[in-house]
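K.L.:
fold the following and give me the result.
(chains A and B)
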2 protein chains.
Amino acid sequence: MINVTYSGNVQDILTDDKKETLKSIHEGLYAKNGEGNDFLGWLDWPSGLSEPFLNDIKQTADEIRSKSDVLIVIGIGGSYLGAKAVIEALQPYFEKNPNFEVLFAGHQVSGAYLKQLMAYVEDKEVALNVISKSGTTTEPALAFRFLQQYMEDRYGKEADSRIYVTTDAEKGALRTLAEEKGYKRFVVPDDVGGRYSVFTAVGLLPIAAAGFDVEQLIQGAKDAENELSSFDLDQNPAIRYGAIRHQLFEQGYTNEVLATFEPKLNFVQEWWKQLFGESEGKDQTGIFPISVVYTTDLHSLGQYIQDGKRNLFESFIVVDEAEEDLEVFEKENNADQLNYLAGLSLHEFNLTAYKGVSEAHLSGGVPQIGVHVKKVDEYHLGYLLYFYMLSCAYSAYLLGINPFNQPGVEDYKTAIFKLLKKPGY
Amino acid sequence: MINVTYSGNVQDILTDDKKETLKSIHEGLYAKNGEGNDFLGWLDWPSGLSEPFLNDIKQTADEIRSKSDVLIVIGIGGSYLGAKAVIEALQPYFEKNPNFEVLFAGHQVSGAYLKQLMAYVEDKEVALNVISKSGTTTEPALAFRFLQQYMEDRYGKEADSRIYVTTDAEKGALRTLAEEKGYKRFVVPDDVGGRYSVFTAVGLLPIAAAGFDVEQLIQGAKDAENELSSFDLDQNPAIRYGAIRHQLFEQGYTNEVLATFEPKLNFVQEWWKQLFGESEGKDQTGIFPISVVYTTDLHSLGQYIQDGKRNLFESFIVVDEAEEDLEVFEKENNADQLNYLAGLSLHEFNLTAYKGVSEAHLSGGVPQIGVHVKKVDEYHLGYLLYFYMLSCAYSAYLLGINPFNQPGVEDYKTAIFKLLKKPGY
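P.N.:
Predicted coordinates:
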């Protein structure tokens, strides 16, 4: 379903030691006894999803869509990027009079943003989905403080039936509040970290509310879970991608540029940056994850990628088929000299541009990986996201890193809390 | 007007040789006799702008706004990012019924995008601004082929008075076509490269059409041109920023992460990435320019920046004053434990978060530069963009690189044209 292209075979480029390491990573993953194994819930999550749970998600989404015009999703990091990635990939670029909108808040701190958001939804019916494991992560908690007040001022007691909470099953500030107020609740599982949570209620409720087919998304993830579980260094694309990027890192390629010719995948790239950056960027090591959208950025970072410092490699998400397309037509005077493209579709242009760019960058000294996926729909996105999650585990373990913690994020929080004189700091 | 903070003085961290080099860079710049000096038009461009030219821009913008609801700006690279950066920084996050919109096309290749764009503007009055020096750059030429046809089908002969062209003064496909059709024309100067063109008609017409004050933008650039022209290693922030980043590069910090707590500066960061990446990324050297928006990305790349490979430094755009703000209010039950923030504004929160993050990242081994600007308005954006353009010249010359060419972008173009069998390739 996903094909990973590279100039070499994993068998040929890895030392026997590395192959052994990969074998034991594989065994540790599926036996769930490797480092960080208490956060391996995502590994068999798709196949473990129950029908009643999915029905609850779909019914809740229908309820939200029937009562409201806008769902404001409050979350940050993994409680934001998964849903954002899937929704941005699937929704149109332009919509004249959208009959339903999913908007985000709490993914940053901005008074202007919150004020303008509240003014924007003034004459629309609104629902909230607050996503936070603890309920006390500062940014979403701040946004929720303002937006809960807004909802109560506007809807009175009815606000409680318009607020949906995704949080810890048993404890935490948001869990307690939801109980008190009678908010409908969904669970952030204990054994799935934020950046691996897109297939839990964290991602599914906003995606379903946006009108997309979460069953197909899960079916894609389930097929990936099944098909990518074999230990085959060259045939399993997840191992292949993880192993190749690690090998390149060892050769001194310390920046990975994830490129795509599909602008709608921009937030899949942002999600990927969190996944790999937060999983691997520890102990003074890790590949720095960077993203570019082509052809836009060929006219920006393209110069650097072609000719700059040779410490980077490029990996592409190549989409085989476009959902919508336009064909270049012939023009009488040919003033723009584009008649040579007549009959070519814009998607075919992009596929050719991919080949040309990849060739040029390779000859400029930039190793090239291609991650090929058939199209951008729920099913293939589900497959693609699971693929990256699994690859990331292999890649991080090869570095000797526990992929599932994030010890470094406490440092800046502590520094901020001290400055703000937060009780206990 | 701009203050660049760093733990050391430029005087102290540079060798005498480097100081000499900086002195001769400075002299070469202002005597216009250094390498690439045929592209130094931007250096004294703000002060050279004539009143009639600015009036023409403003009147044309008024005309566009009075006849149309939407201006579609067709351009890529430097013919896209300058206008996009300023407009995104100044326009609200949400607008209910915008009475005028500036949309972009030709900055990528996507059939879905173009089709949906045309459907979106169906019941709005439309004007086009096509920006291309040669008129044959593939992406904007493709978009214009479709959109010109759309305009002629829809408006007949009237289309000609709704199309505005920004191109070479004397030659090129678009110049010729504009002459034939009688399109209103503006000039892309010969001595100003794309990434330095925001203060020419390339940037000014879309910015003015979006409803922003181009006189204030130019005033900011003019004051920057004047105030940043002295050779003072520590007092001149443009030299200071250019010299410090170069010094860090020499110490092995090969990635620069440009961070901001102001989400609206996202496209100023994209513009900055083109400016520095395309100016410096040559001859197998250069700092790789990366951007993050905080606090969003503290929950994503924050882990890597704190603890990952120590080859990066961070530079912040710090905005002193917010235009719109909200104050945290006290809540009775304090369920979210945020009462300790009561009375603090969200902007004050961000300023404190900047201090905390900067402190934490510094102690994690990430050198910190701060670029402080008073607020985000036309005047200060004009100042800031000129500041970066000038800094970039110092920084690139220090590397021994001509900042004003982009030889590497031909390679991928040639590879694509060969695959597409373009006549002559």
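
K.L.:
and the strands in the stretch 301-425 of chain A?
P.N.:
A:312-319, A:368-373 (DSSP state E, counting those that start in this stretch).

K.L.:
packing partners of the last one?
P.N.:
By that I understand strand A:368-373. Contacts defined by 3 or more Cβ pairs under 8 Å, 6 or more residues apart in numbering or on different chains; DSSP states H and E place strand A:368-373 against strand A:2-5, helix A:237-250, strand A:312-319, helix A:346-363, helix A:378-398. All C-beta spots, glycine's among them, are computed from the backbone N, C-alpha and C.

K.L.:
for the host helix or strand of A:W272, packing partners?
P.N.:
Per DSSP states H and E, A:W272 falls inside helix A:266-280. Packed against helix A:266-280 by the contact rule (3+ Cβ pairs under 8 Å, 6+ apart) you find helix A:81-90, strand A:255-260, strand A:288-293, helix A:378-398, helix B:302-307.

K.L.:
most tightly surrounded among those?
P.N.:
helix B:302-307 (a mean of 27; mean count of other Cβ atoms under 10 Å in any protein chain shown).

K.L.:
now it: average pLDDT?
P.N.:
The average of the pLDDT scores along helix B:302-307 is 98.

K.L.:
and it, is it in reach of chain A?
P.N.:
Yes - applying Cβ under 8 Å from any Cβ of the partner chain, one finds helix B:302-307 touching chain A at B:302-307.

K.L.:
of all pairs in those residues, which one is the farthest apart?
P.N.:
B:G302 and B:D307 (9.4 Å; Cβ to Cβ).

K.L.:
can you list residues touching both of those two?
P.N.:
Common contacts of B:G302 and B:D307, defined by Cβ atoms under 8 Å, 6 or more residues apart in numbering or on different chains, comprise A:G408.

K.L.:
quick check: domain ranges of chain A?
P.N.:
For chain A, automatic domain parsing gives the domain ranges A:2-34+A:219-398, A:43-212.

K.L.:
just to revisit the earlier point, who wins for proximity to B:D56 among the helices and strands packed on helix A:266-280?
P.N.:
When the helices and strands packed on helix A:266-280 are compared by Cβ to Cβ, strand A:288-293 sits nearest B:D56, at 34.0 Å.

K.L.:
mind giving me the packing neighbours of that closest one?
P.N.:
Using 3+ Cβ pairs under 8 Å, 6+ apart: strand A:288-293 touches strand A:255-260, helix A:266-280, strand B:288-293.

K.L.:
among the strands of the stretch 301-425 of chain A, which is the most enclosed?
P.N.:
strand A:312-319 (a mean of 23).

K.L.:
which secondary structure elements does it sit against?
P.N.:
Of the remaining helices and strands, those touching strand A:312-319 by 3+ Cβ pairs under 8 Å, 6+ apart are helix A:237-250, strand A:255-260, helix A:346-363, strand A:368-373.

K.L.:
which residues touch that strand?
P.N.:
Identification of contacts with strand A:312-319 by Cβ under 8 Å, 6+ apart yields A:241, A:245, A:248, A:253-262, A:265, A:268-269, A:290, A:305, A:351, A:354, A:358, A:361, A:366-376, A:384, B:288.

K.L.:
up against chain B, what does the stretch 1-150 of chain A have?
P.N.:
A:76-78, A:80-81, A:92-96, A:107-117, A:119-120, A:122-123, A:135-136, A:138-139, A:141-142, A:144-146, A:149.

K.L.:
and those residues, which of them are buried?
P.N.:
In terms of neighbour count (16 or more other Cβ atoms under 10 Å in any protein chain shown), the buried residues within these are A:76-78, A:80-81, A:93-94, A:107-117, A:120, A:135, A:138-139, A:141-142, A:144-146.

K.L.:
which one of the domains of chain A lies closest to B:A127?
P.N.:
Nearest to B:A127 among the domains of chain A is domain A:43-212 (17.0 Å), distances taken as Cβ to Cβ.

K.L.:
now the terminal residues of that closest one, how far apart.
P.N.:
23 Å (Cα to Cα, to the nearest Å).
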